[in-house]
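**Q** Build me a model:
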Amino acid sequence: MPKESTYLYAVVRAGVGAPEVEGLEGARPVVIEAGGLGVLASPISCGAVRPRRANLAAHQRVVAAAAKGTALPLAFGMIVRSIEEARGMLETHGEALAGELERIDGCVEMGVRVRVDGADPVSFLVEQDTRLRSMRDELVAAGADAPHHLRVAVGEAFAKRLEQERDGAYTGLVSAVNDAAHEVTENAPKADAELANAAFLVSRDELGAFEAAVHAFAASLSDEYAIDLTGPWAPHHFVDLHLEVEPAAA
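**A** As a prediction, this is how the structure comes out:
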């Protein structure tokens, strides 16, 4: 690769001004245009970028600023050899990119998590299930002499109960906000206490209605549950671009 390459952040429509923020290596992004589209980019002095905190923060800073309008965020670490290659990418994938920009136009991403709050999630779920509670008590009474099949049965029963709880939480959440969201992506829970983790594509005009629906859903739950609402963000979970880079036509 040449000594200086070009780092890409997000695809936008042509004519959109570059945000006045610092990107990687402190460089201010510019908009490279071709075929009615643009891509936010900045020069970079290396051919690869490590996912260090400062680099990730710089990438996200530019994407977040672009997302105040309509932008397709690109994956971290996308580098081309030249401005001409960036234009070639826009020309090669112009129809698909324009379609994606139209699909997410005026929308942002909102994140919602449902979790068990303040209690040990294992104990909490066991106490909610009569059969599981009875099996737990039998296991505790047997102590070190508990047979292997009982230990396995308790583990399987808890896993099934947790799956049911997660299915119910996710289904209830999606149903509650369905009228205020265009699309939803389910994310895998990251801990036993997390029952549902979802990203929603929401129109900016519907943000108030979406937040109200989330709060109403939270109010319908018992005090043992908590809701985490985050955003608005760039629609990362709703943009999946696989772009090949080709030189621009002469």
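**Q** Quick one: mean pLDDT over the host helix or strand of Glu109.
**A** Using DSSP states H and E, Glu109 falls within strand 107-116. Per-region confidence: strand 107-116 scores 96 on mean pLDDT.
**Q** State the number of residues packed around the closest residue to Ser45 other than its chain neighbours.
**A** Nearest residue to Ser45 in three dimensions, chain neighbours excluded: Glu4, at 5.7 Å (CB to CB, 6 or more residues apart in numbering). Heads up, the C-betas are built off the backbone N, CA and C, glycines and all. Glu4 is flanked by 12 other residues according to other CB atoms under 10 Å.
**Q** Could you give me the buried positions within the longest helix seen in the chain?
**A** Across the chain, the longest stretch assigned as helix under DSSP state H is helix 148-177. Using 16 or more other CB atoms under 10 Å as the test for burial, helix 148-177 gives 154, 157-158, 161-162, 165-166, 169-170, 172-174, 176-177.
**Q** Kindly report the same for stretch 113-131.
**A** For stretch 113-131, the neighbour count (16+ other CB under 10 Å) marks Arg113, Val114, Arg115, Val116, Asp117, Pro121, Phe124, Leu125, Val126, Asp129 as buried.
**Q** cool, stretch 35-53 as well?
**A** Gly35, Leu37, Gly38, Val39, Leu40, Ala41, Ser42, Pro43, Ile44, Val49.
**Q** how about those residues in TSV, adding distance to Gly69, pLDDT and secondary structure?
**A** Converted to TSV, these look like this (distance: CB to CB, whole Å; pLDDT from 0 to 100; DSSP: H, G, I helix; E, B strand; the rest coil):
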residue	distance to Gly69	pLDDT	secondary structure
Gly35	19	89	coil
Leu37	13	97	strand
Gly38	11	97	strand
Val39	14	97	strand
Leu40	11	97	strand
Ala41	16	97	strand
Ser42	18	96	strand
Pro43	23	94	strand
Ile44	24	92	strand
Val49	25	88	coil
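**Q** Relative to Gly26, which of these is nearest.
**A** In terms of CB to CB, no member of those lies closer to Gly26 than Ser42, at 9.1 Å.
**Q** Look up which residues are beta-bridged to the closest one.
**A** Tyr7 (DSSP bridges).
**Q** so what's it up against?
**A** Ser42 sits next to Thr6, Tyr7, Tyr9, Gly23, Leu24, Glu25, Ala27, Arg28, Pro29, Val30, Val62 when contact means CB atoms under 8 Å, 6 or more residues apart in numbering.
**Q** Kindly recompute the last result at 10 Å.
**A** Contacts here follow CB atoms under 10 Å, 6 or more residues apart in numbering; on that basis Ser42 touches 6-9, 18, 22-30, 58, 62.
**Q** Show me how to select, in ChimeraX, the buried members of those residues.
**A** Buried residues among those (16+ other CB under 10 Å), as a ChimeraX selection:
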select :6,7,8,9,18,23,24,27,29,30,58,62
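**Q** Need the max-distance pair from the contacts of Ser42.
**A** Greatest spatial distance in these: Leu8 and Gly26, 17.1 Å, computed using CB to CB.
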